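In: Next input, structure requested:
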Amino acid sequence: VGSADFYLNKVLVAAKGGDARHTAFAKQWRAALVALSAYVKAHHTTGVVWGSLKTSTAAPAAGAGAVAAPATGAAIGAYDDWYGEYVKPFLATCTDLGDDLAALGGAVEATFTAQRAFLMTAGGMPRPEAEKVQALLKPTADAMGVAAGKAPKHPQHENAVVEGLQAAAWVTVEPTPAPFVTEAVGSADFYLNKVLVAAKGGDARHTAFAKQWRAALVALSAYVKAHHTTGVVWGSLKTSTAAPAAGAGAVAAPATGAAIGAYDDWYGEYVKPFLATCTDLGDDLAALGGAVEATFTAQRAFLMTAGGMPRPEAEKVQALLKPTADAMGVAAGKAPKHPQHENAVVEGLQAAAWVTVEPTPAPFVTEAVGSADFY
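Out: Numbering: from 1, shown residues only. Prediction:
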């Protein structure tokens, strides 16, 4: 718990006999980091657990916690089915065509990978305030924007993808998101028809590009209508901290549901009181608390995503980690009137990088506590 301690001790000394809220700030932040180390040791002993959350498309049995909205596990399973059946063949065609069309396919892949992460996060938490929803949607929006300019040698292909990718914004639409996707299909059609006409009697791969992209969008509309009829389903994924029963699909690593439940318990018991103190102190310390909140919200989203998919290649892992890394970087400069408080948070937030450490991430968190303590 080394890095933060130096600065936390300085905060404690300065607060002695003064405003008790600064003492609470230091003690609560240290307690949160120490408890994070214990959480990591218990639930991610050798590193982040990938793919341990089942996303079956089977509907829940009546009376077994069934809800009117489809279970997120079913919705994610169906999303994966859609992606595998429609998006993957399209991406393979893009790769086969190569050059700028391969890059265009990469933008499509990044968009729907980010959207899946958002859906996993939404399923695992109650709907937050609008500002936080926008922050959670940012990776998808950023990926959508990447397509423009990716295929200068094939402007009709690019336009078809750019227009079609607007369908991914269905997650912002209520109460009827499926027709929004259908409208995006119509917008893409204008350019897809141009691709089909130009490809007639030529390279059949361009015909496949157009037909596969349209099929993917049409099928996305059907998926949304079936699983998110009136809008994104929030909080329908149970994250019980109970361990799975022996023989009932138990694995050596803790189930992601248990790990997320424990993460939420840690956040509620330790981080929320710290954030409340930051808000009470106000001014730049409230802004500093906002950076902490953003970091651990992003980390929860990452853990939900990791639990719902096999471990991908390193480049994709880094892309999934980017929102957390970006949030961690925001703390620096947030509290110029309270440099020791800021240093303690900046150093302590390095603990959030435990998700990159194997095979013993918990000691890494402990080291960050020490860094924060210095301040």
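
In: Can you get me a residue count around residue 230?
Out: 13 (other C-beta atoms under 10 Å). Placement of C-beta: from N, CA and C, glycine included.

In: and it, helix, strand or coil?
Out: At residue 230 the chain is in coil, as set by DSSP: H, G, I helix; E, B strand; the rest coil.

In: Quick check, it in contact with residue 170.
Out: No. If you go by C-beta atoms under 8 Å, residue 230 and residue 170 don't touch, sitting 11.6 Å apart.

In: any low-confidence regions in the stretch 251-375 of the chain?
Out: Applying pLDDT under 70 to the stretch 251-375 of the chain flags residues 251-257, 370-375.

In: the strands in it, which residues?
Out: In the stretch 251-375 of the chain, the segments counted as strands under DSSP state E, counting those that start in this stretch are 373-374.

In: Helices of that one, start to end?
Out: 256-266, 272-281, 283-307, 314-330, 339-349, 361-372 (DSSP state H, counting those that start in this stretch).

In: anything in contact with each of residue 230 and residue 170?
Out: Here residue 230 and residue 170 have residue 177 as joint contacts, going by C-beta atoms under 8 Å, 6 or more residues apart in numbering.

In: that older thread, relative to residue 47, tell me which of the helices of the stretch 251-375 of the chain wins on proximity.
Out: helix 361-372 (6.0 Å; C-beta to C-beta).

In: so how far is that closest one from its chain's centroid?
Out: 24 Å (C-alpha atoms, centre = their mean, to the nearest Å).

In: Would you quantify the distance from the closest residue to residue 215 other than its chain neighbours to residue 161?
Out: Spatial nearest neighbour of residue 215, excluding adjacent residues (C-beta to C-beta, 6 or more residues apart in numbering): residue 86 at 5.6 Å. Residue 86 sits 14 Å away from residue 161 when distances are taken as C-beta to C-beta, to the nearest Å.

In: Pick out whichever of those two has more residues nearby.
Out: residue 161 (27 against 20).

In: Confirm that one sits in a helix?
Out: Yes. Counting by three-state DSSP, residue 161 is part of a helix.

In: ok, the nearest residue to residue 326 once chain neighbours are set aside - how many residues close by?
Out: Nearest non-adjacent residue to residue 326, counting by C-beta to C-beta, 6+ apart: residue 298, 7.6 Å away. Residue 298 is flanked by 24 other residues according to other C-beta under 10 Å.

In: quick one, what contacts residue 298?
Out: Counted by C-beta under 8 Å, 6+ apart, residue 298 has contacts 323-324, 326-327.

In: what do you get for residue 46?
Out: Shown in contact with residue 46 (C-beta under 8 Å, 6+ apart): 358-361.

In: Now rank the residues you listed by neighbours and give me the top one.
Out: residue 361 (22 neighbours).

In: nearest spatial neighbour of that one, skipping sequence neighbours?
Out: That would be residue 354: by C-beta to C-beta, 6+ apart, it lies 4.1 Å from residue 361.

In: Any idea how many residues pack against that neighbour?
Out: Neighbours of residue 354 (other C-beta under 10 Å): 25.

In: Likewise for residue 151?
Out: Residue 151: 25 neighbours (other C-beta under 10 Å).

In: pLDDT score assigned to it?
Out: Looking at residue 151, its pLDDT stands at 93.

In: my guess is it is in a strand, correct?
Out: No. Counting by three-state DSSP, residue 151 is not part of a strand but coil.

In: mind checking how far it is from residue 100?
Out: 4 Å.

In: Now the common contact residues for the two.
Out: Contacts common to residue 151 and residue 100, judged by C-beta under 8 Å, 6+ apart, are residue 158.

In: Show me the shaky parts of the stretch 1-150 of the chain.
Out: Using pLDDT under 70, the stretch 1-150 of the chain drops low at 1-2, 53-73.

In: Can you show me the helices along it?
Out: 5-15, 20-43, 72-82, 88-97, 99-123, 130-146.

In: Now render the ones you listed as TSV, adding mean neighbour count and distance to residue 340.
Out: What follows is the helices of the stretch 1-150 of the chain, written out as TSV (neighbours: other C-beta atoms under 10 Å; distance: least, C-beta to C-beta, whole Å):
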stretch	mean neighbour count	distance to residue 340
helix 5-15	20	4
helix 20-43	21	9
helix 72-82	21	42
helix 88-97	18	50
helix 99-123	22	33
helix 130-146	17	28
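
In: among those, which is nearest residue 307?
Out: helix 99-123 (7.6 Å).

In: okay, the angle between the closest one and helix 283-307?
Out: For helix 99-123 against helix 283-307, the angle by axes from the mean of the first three to the mean of the last three C-alpha atoms, to 10 degrees is 110 degrees.
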